[in-house]
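Undergrad: A predicted structure for the sequence below; I have some questions about it.
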Amino acid sequence: MSYMQADTEFDAIKALELITREREMSLSTREWKHRLAGYGYSIRDTDHGPVVAMLLGGHELCDLPERLH
């Protein structure tokens, strides 16, 4: 089995769709972040604001949209 590098822009779009859906279903920020971890994502605070990142490797995908803060 070989690993193929996925398109970063596509990854960011799919991640944001998932993150938005999970935020709507979560009762708290803590639950939301826990649910995201189950999918391999995290919300990381940086100097330029919160970003969506992969748990494995810590690769930052995109900025977290203002509506999800």
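TA: Perfect, I can see it now.
Undergrad: how far does stretch 11-20 sit from its chain's centre?
TA: 7 Å (Cα atoms, centre = their mean, to the nearest Å).
Undergrad: and that stretch, average pLDDT?
TA: For stretch 11-20, the mean pLDDT works out to 91.
Undergrad: quick one: contacts for residue 42?
TA: 33, 36, 52-55 (Cβ atoms under 8 Å, 6 or more residues apart in numbering). All C-beta spots, glycine's among them, are computed from the backbone N, C-alpha and C.
Undergrad: may I ask which two of these are separated the most?
TA: The distance between the two most remote of the contacts of residue 42 (Cβ to Cβ) is 14.1 Å, for 33 and 54.
Undergrad: returning to that earlier point: which of the contacts of residue 42 fall in strands?
TA: 52-54 (DSSP state E).
Undergrad: buried among the residues you listed? Make that a PyMOL selection.
TA: Restricted to buried positions by 16 or more other Cβ atoms under 10 Å, the PyMOL selection for those reads:
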select buried, resi 52+53
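Undergrad: perfect, I'm done here.
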